[in-house]
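Undergrad: Below is the structure, and that's it, no one-letter string:
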């Protein structure tokens, strides 16, 4: 009878341990999803800091017919484009989803890159914008940084 009680006790402990492990795993998955959601909201907040650049770089925005005209405007552009570069680093390390990023931020990046004044700036400074070029290639955005041959290879 002692053997039967100890066997039952061991089985009960195993079931309790398994349930505890399962609940812990479920909680970790939930926290991971919450962390990802918090990250995307935080990234969106970071981009909102550059709403003036985003708006000005849109087609028919104020910088579509004349480029930024002050050092502050150009500094804002550098920071805005730099935020995209940081995102490329996070995507390349698989810390954020390329697909979700593309759905959320491809159009604003394309608007910035296709602006003729920004295009000229990037042509002149292409050695400083390597990660931006990589992101553009990853998202199939024509850009002055990445050579055409490399763009085709990265798109695949």
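TA: Perfect, thanks for sending it. These figures come from a predicted structure and were not determined experimentally.
Undergrad: Work out the gap between the longest helix anywhere in the chain and the centre of the chain.
TA: Ranked by residue count, the top helix of the chain under DSSP state H comes out as helix 2-48. The chain centroid and the centroid of helix 2-48 are separated by 27 Å under C-alpha atoms, centre = their mean, to the nearest Å.
Undergrad: Could you list the low-pLDDT ranges of this structure?
TA: Residues of the chain meeting the criterion pLDDT under 70: 1-3, 19, 21-31, 148-156.
Undergrad: rerun that using 90 as the cut-off
TA: Applying pLDDT under 90 to the chain picks out residues 1-41, 65-67, 69, 95, 146-156.
Undergrad: Name the secondary structure element that contains the spatially most central residue of it.
TA: Closest residue to the average C-alpha location of the chain: residue 87 at 4.0 Å, with C-alpha atoms, centre = their mean. Under the criterion of DSSP states H and E, residue 87 resides in helix 71-92.
Undergrad: After that helix, which helix or strand is next?
TA: helix 98-114.
Undergrad: Need the contact partners of that next one.
TA: 40, 44, 47, 53-54, 57-59, 61, 77, 80-81, 84, 87, 91, 118-119, 122, 135-136, 138-139, 141-144 (C-beta atoms under 8 Å, 6 or more residues apart in numbering). (Glycine included, C-beta is placed from N, CA and C.)
Undergrad: now do stretch 64-84
TA: With contacts defined as C-beta under 8 Å, 6+ apart, stretch 64-84 is touched by 46-47, 50, 52-54, 56-58, 105, 109, 112, 115-118, 121, 129, 132, 135.
Undergrad: just to revisit the earlier point, contact partners for the residue nearest to the centre of the chain?
TA: 43, 96, 101, 105, 135.
Undergrad: how does it look with 7 Å?
TA: Contact partners of residue 87, counting by C-beta atoms under 7 Å, 6 or more residues apart in numbering, are 96, 101, 135.
Undergrad: Now rank those by neighbours and give me the top one.
TA: Tallying neighbours with other C-beta atoms under 10 Å puts residue 135 at the head of those, with 31 neighbours.
Undergrad: Report the separation between that residue and residue 66.
TA: 26 Å (C-beta to C-beta, to the nearest Å).
Undergrad: How about residue 97?
TA: Counting by C-beta to C-beta, the separation of residue 97 from residue 66 is 37 Å.
Undergrad: Looking at these two, which one has more neighbours?
TA: A count of neighbours by other C-beta under 10 Å puts residue 97 above the other of residue 97 and residue 66, at 14 against 8.
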